[in-house]
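[1] Need a 3D model of the following:
(chains A and B)
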Amino acid sequence: MDRISEPFDFTGLETELLLEMYRRMLQAREFEEQLYYLFLTRSMPGTMHQATGQEAVAVGVISALNQDDYVTSTHRGHAHSIAKGVDLKAMMAEMFAKRAGVCKGMGGSMHLCDFSKGMLGAFGIVGAGIPIATGAAISAYVRDSGQVAVSFFGDGAVNAGVFHEALNMAALWKLPAIFVCENNQFALSMTIEESSAVENLASRACAYDIPGQQVDGNNVVAVYRAAKIAAERARAGEGPTLLECLTYRIRGHARFEAAHYRDTKEVETWKQLDPIRRFGEALLNHNLASQAQLEHIQTTVEGEIEAAIEFAEASPEVAAEDYLLYITDEASHA
Amino acid sequence: MRELSMMEAIREAILQEMRNDSRVLLLGEDVGKFGGAFHVTYGLLDEFGPKRVWDTPISEAGFMGMGVGAALTGLRPIVEFQYADFIFCAMDQIVNQAAKLRLMSGGQACVPIVIRAPQGATGRGAQHSQSVEAWFMHTPGMKVVVPSNPYDAKGLLVSALRDNNPVLFLEHKMLYGSASPGGGKALVDPSIGSLGRDVPEEPYTIPLGEADIKRAGHHVTVVATMLMVHRSLAAADELLAEGIEVEVIDPRTLVPLDIDTILASVRRTHRAVVVSEDVGRAGVGAELAALISHGGFDDLDAPVERVCADSTPIPFAPAAQDHAIPSRADIVQAIRRALSDE
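    All right, here's what the predicted structure looks like:
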C-alpha cells in the first residue's frame, strides 16, 4: 500500500493541464458510472468492463503524449479512449450499438477505436495489443515520424507470451514504445500472487534491459511524470519503458460481477485512495483550483455524458446488413 | 520473356513492389542475411537495408502482431513464416486481430498485410508439412492465394501486395524450384515437367478471384490448386490415351473464389472432381463440393468426387506420406468414378 500513497508534486505543471486531466478523469468516471446505471436499469447490448478507480493511469499517461501518438487499449478501455479525445457521443452511441457509434455499431465496448485520434483499438484478447503497439512503433521508426506508441494492458497480460515477444523485440530494436501495465490487482479473480512468479511486475523489465518502474497509479501526476520521461526516452531513440501503474479495480470484472473473491475491507481501503478524490483534494490543498471550479467541471461533465446518452438514444439503429460493408475493403487501391 | 522458377518469380514480385512502394517492408525469421528459408528473400536486405527487411527473433505471434500494428499505421508489411505450420503460433494475431479489425472498427481499419508461407508435404514430418488453406478460408476478413506456377505467383503476389486486406499467400515447397537449407537439390514432383516458366520482367497483376482453365476438356471438370494442379494435369494426360478429355481449373485464389468459372465448366462437362492437398474433412474439397453440388445441381450427372488428404497428421515415412496425400493415381480413379455411369 505504501507504494500507492505518493504525494502530489505539482512543480512546474501548468494549472490548465492539471484541470484538463481532472476533467478527463471525471469524464471517464461519469461515462462508466452512467453506463453501469444503464445496464442496471434497461436492456443494453453486450457487456462492459469498468475501470472505476483506474482513471489516473489512462489520463496520466495519455496527457504526457502528443496528439498523433498511438495507443492500444484493452477490454477495460473506455478511459483510454476518452483520454485520447474520442468523441463521447460517438463512444456512447457505440455502447448502444448504434450506427452513429465510433465503430458504426460493429465493435462495441471491447473494440473501441478511433484512427483519427491515434486510438488503434481496444483489444478483447488479453495481451493482443502489445505486439500491435510495437508494430505501430516500428512504423513510426520506419517512417521517421517521431511518434510514440503506447500499449496499455492489465496485470493478467504480463503472463501472455506476446508480452515477452513484443518487449524483447521493442527493446532489441530500441523502438519508440511505452508499455503500461495497469496493475489493478486482478485478472478477473486471479491475483498477482497466484499468477506471477514475481510480484513486482516492473522488475520484469530487467529481462529486456529497459527501465521498469512502479508508479502510484492512483496519482495522476506521478503517472504523468513517469510517462513523460518514458515518452522522451522513446522519442530520443533510447527504446521502450515498462511502467507498472499500481491501482485497483473498484468494481467487479464485468457489469454486475460481485467480486466475492476479495476482501471487502481491501476494497474500502482502496476507495479511500480514489484517484479523482485524491487529485481534487490535492488541487484544493495547493490552491490550484477552487471548490467552485471543481464543482463546475463536475457539472459540465455530467451534462456532457447526459447529452451523449441522449444522442445515443436518439440515433438510428444499425441496419441488419450493415456488416456486409466492413468485412473486407474492396475500394480500389492506387 | 525469361524462364523463372516460382522462388525467383516471388522474389521478383517482392523486389519490384518494394522498389515501387516504400511502405512495403518484410518481417520474418531469417529473411535478411540468410535470405529466407527457401531463399525467396535473398538479396533484399542488401538492397533495402534493415529498416525494410527485419530479421525477427523466433516470436511468431509477436512479429505477426507487429505486422498488424505496422499495417494499421500506414505501412504494407509482408510477414513471412518459415513453414505454414508455424502460423499456428500466431493464430490470435491473424484470426482475432488482422481479420476482424476492419469489421470491428466499422471500416476504419485497413490491414494491408501479406502473410507468406511455404506449405505442402515434402518429407519433413507432421510439423513441417501441413496444408493450412482451409483454416483461413474459414476465417472471414482475409483472402487466400494458392498459386500453382511462377507466372501466376508473380501476378497474384503483386495484386496481394496492393490489396488493402490481410492476404494469406501460400507457396508450395515442391513448386519453388529451390532447396531448403541443408536440403541439397530442389524437390521436384514427378508430375511437373519443368519448374521454370516464362515470366515477364515488368510488374503485372492477376486479379484475386479469377480462376484459370489450365487445360480444356469436355468430359469432366477437375478443380485443383497448387501441387495438385500438376498432378491433375498428369492424370489428364494419362486419361487422354483413353479418349477422356479432362478440363483442369485452377482457382488460383480460394478467397475470393471464382465459382462462376467452375460452374460454367460443370455446365459443359456435367461431372466434377475436386482435388486438394489439405485434409478432406471440413476442408477446401468439402467447400468446393458443396458449392458445385448446389450451384450445379441441375447440370451434374454424377456426385461430385473429392480427392483430398486423409484426415491424418502427415507421417514421416515417404511411402506413408505419399499414401496420405492425393496422388496422380488417386485423381485418375476419382475421375473414373465420376465418369462411371456413362
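[2] Find me the pLDDT at the nearest residue to residue A:123 once chain neighbours are set aside, would you?
    Using Cβ to Cβ, 6 or more residues apart in numbering or on different chains and skipping the chain neighbours, the partner closest in space to residue A:123 is residue A:129 (4.3 Å). The way it works is simple: take the backbone N, C-alpha and C, and place the C-beta from them, glycine included. According to the prediction, residue A:129 has pLDDT 98.
[3] Centroid-nearest residue for chain A?
    The centroid of chain A falls nearest to residue A:80 when counting by Cα atoms, centre = their mean (3.2 Å).
[4] Surely that one touches residue A:71?
    Yes. Assessed by Cβ atoms under 8 Å, residue A:80 is found in contact with residue A:71 at 5.9 Å.
[5] which residues do those two both contact?
    Where contact means Cβ atoms under 8 Å, 6 or more residues apart in numbering or on different chains, the residues bridging residue A:80 and residue A:71 through contact with each are A:62, A:119, A:152.
[6] just checking, what packs against the helix or strand hosting the first one?
    For residue A:62, the element it lies in under DSSP states H and E is helix A:55-63. Of the remaining helices and strands, those touching helix A:55-63 by 3 or more Cβ pairs under 8 Å, 6 or more residues apart in numbering or on different chains; DSSP states H and E are helix A:15-41, helix A:78-83, strand A:149-154, strand A:177-183, helix A:220-235, strand A:241-246, helix A:275-285.
[7] and residue A:319, which of those is closest to it?
    In terms of Cβ to Cβ, the element of the helices and strands packed on helix A:55-63 nearest to residue A:319 is helix A:15-41, at 23.0 Å.
[8] list the buried ones in the closest one?
    By neighbour count, and taking 16 or more other Cβ atoms under 10 Å in any protein chain shown as the criterion, the buried residues in helix A:15-41 are A:18-19, A:21-32, A:34-36, A:38-39.
[9] out of those, which touch chain B?
    Restricting the buried residues of helix A:15-41 to those within reach of chain B (Cβ under 8 Å from any Cβ of the partner chain) leaves nothing.
[10] tell me the contacts of the closest residue to residue B:149 other than its chain neighbours?
    Nearest in space to residue B:149, with sequence neighbours left out and distances taken as Cβ to Cβ, 6+ apart, is residue B:197 at 5.3 Å. By Cβ under 8 Å, 6+ apart, residue B:197 lies in contact with B:3, B:4, B:9, B:149, B:150, B:151.
[11] how close does the fifth one sit to chain A?
    When you say that, I think you mean residue B:150. Plainly put, residue B:150 is 24 Å away from chain A if you go by Cβ to the nearest Cβ, to the nearest Å.
[12] what do you get for the first one?
    Distance, residue B:3 to chain A, using Cβ to the nearest Cβ: 31 Å.
[13] Contact partners for residue B:128?
    Neighbouring residues of residue B:128 by Cβ under 8 Å, 6+ apart: B:83, B:85, B:122.
[14] Could I get the phi/psi values of it?
    Residue B:128 adopts backbone torsions of phi -130, psi 30, taken as degrees, to the nearest 10.
[15] One more: the one 5 residues further on?
    Main-chain dihedrals, residue B:133, degrees, to the nearest 10: phi -60, psi -30.
[16] which element is residue A:93 on?
    Applying DSSP H and E as the criterion places residue A:93 in helix A:88-95.
[17] Report the buried residues of the helix or strand harbouring residue A:213.
    Per DSSP H and E: residue A:213 is located in strand A:212-216. For strand A:212-216, burial by neighbour count (16+ other Cβ under 10 Å) applies to A:212, A:214, A:215, A:216.
[18] Stretch A:294-304 now?
    By neighbour count with 16+ other Cβ under 10 Å, stretch A:294-304 contains the buried residues A:294, A:297, A:298, A:301, A:304.
[19] Give the rounded mean pLDDT of it.
    Averaged across stretch A:294-304, pLDDT comes to 98.
[20] How far away from the center of its chain is the helix holding residue A:62?
    A distance of 7 Å separates the centroid of the chain from that of helix A:55-63, by Cα atoms, centre = their mean, to the nearest Å.
[21] ditto for stretch B:255-272
    Here stretch B:255-272 is found 19 Å from its chain centre; the criterion is Cα atoms, centre = their mean.
[22] Repeat that for stretch A:293-313.
    With Cα atoms, centre = their mean, you get 20 Å for stretch A:293-313.
[23] do that stretch and chain B meet?
    No. Using Cβ under 8 Å from any Cβ, stretch A:293-313 stays clear of chain B, with a minimum separation of 14.9 Å.
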